[in-house]
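> sequence unknown, structure follows:
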């Protein structure tokens, strides 16, 4: 079909306008800086491991703490996240990997993994806090987790505890607050291993 010449020119200019404006409405794909927790460094505990298999389940968490956001409470009841920075995976998965690594290094059990099958014990948990708060203008990392040890066959709760730690950051930069969260997580790793060792020896 042949269009009148008067319609061809506006259509041509309309196409140019759409192409130019399309560049301005595309989302800003600024890449996020990804962070991970430090690899646990736990010395072996005891002479020999308990000959049992332990399953570490994914911690439960709320919507925000259960994501890959690095969470901050800047003031009062206000909750926010650090822009342009994220954990390399969702926090519960990242923490579970750290706990498994810490338990492996501690050698308190003969086998530990995320598998549910053919295990003697299961470790479940709920992440209550894993964020930055401000105390008198100073950013501080806080971590708090409720932990339960179950007998795998019966599902019975054998022991429960709450582990918590905090660490002041050197400054407000994201590298510093991530480092503080890493130190707090390391303190919880140590406390978890010590608690499990005591519970499994009973």
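Good, I have the coordinates. It should be emphasised that the depicted structure is a prediction, and the values quoted were computed from it without experimental measurement. Residues are numbered from 1 along each chain as shown.

> List the buried residues of the longest helix along the chain.
Scanning the chain for the longest helix, with DSSP state H as the assignment, gives helix 174-201. Along helix 174-201, these residues count as buried under the neighbour rule (16 or more other C-beta atoms under 10 Å): 174, 176-193, 196-197, 199-200. (Glycine included, C-beta is placed from N, CA and C.)

> what do you get for stretch 99-111?
By neighbour count on 16+ other C-beta under 10 Å, the buried set for stretch 99-111 is 99, 100, 101, 102, 103, 104, 105, 106, 107, 108, 109, 111.

> Now do that stretch: everything it contacts.
When contacts are defined by C-beta atoms under 8 Å, 6 or more residues apart in numbering, stretch 99-111 is touched by residues 39-46, 48-54, 56, 112-114, 119, 123, 189-190, 192-193, 196-197, 200.

> Stretch 55-66 now?
Looking at stretch 55-66 with C-beta under 8 Å, 6+ apart, the contacting residues turn out to be 71, 79, 81, 90-93, 95-96, 99-100, 103, 112-116, 119, 121-127, 129-131, 145, 152.

> Figure out how far that stretch is from the centre of its chain.
The chain centroid and the centroid of stretch 55-66 are separated by 8 Å, computed with C-alpha atoms, centre = their mean, to the nearest Å.

> The chain: helices as residue ranges?
According to DSSP H, the chain carries its helices in the segments 5-25, 91-106, 174-201.

> which one of those has the lowest average pLDDT?
The stretch with the lowest mean pLDDT among these is helix 5-25, which comes in at a mean of 43.

> Could I get the pLDDT score of the residue nearest to residue 34 when sequence neighbours are not counted?
The shortest distance from residue 34 to any residue other than its chain neighbours is 4.4 Å, reached at residue 88 (C-beta to C-beta, 6 or more residues apart in numbering). Predicted confidence (pLDDT) at residue 88: the value is 97.
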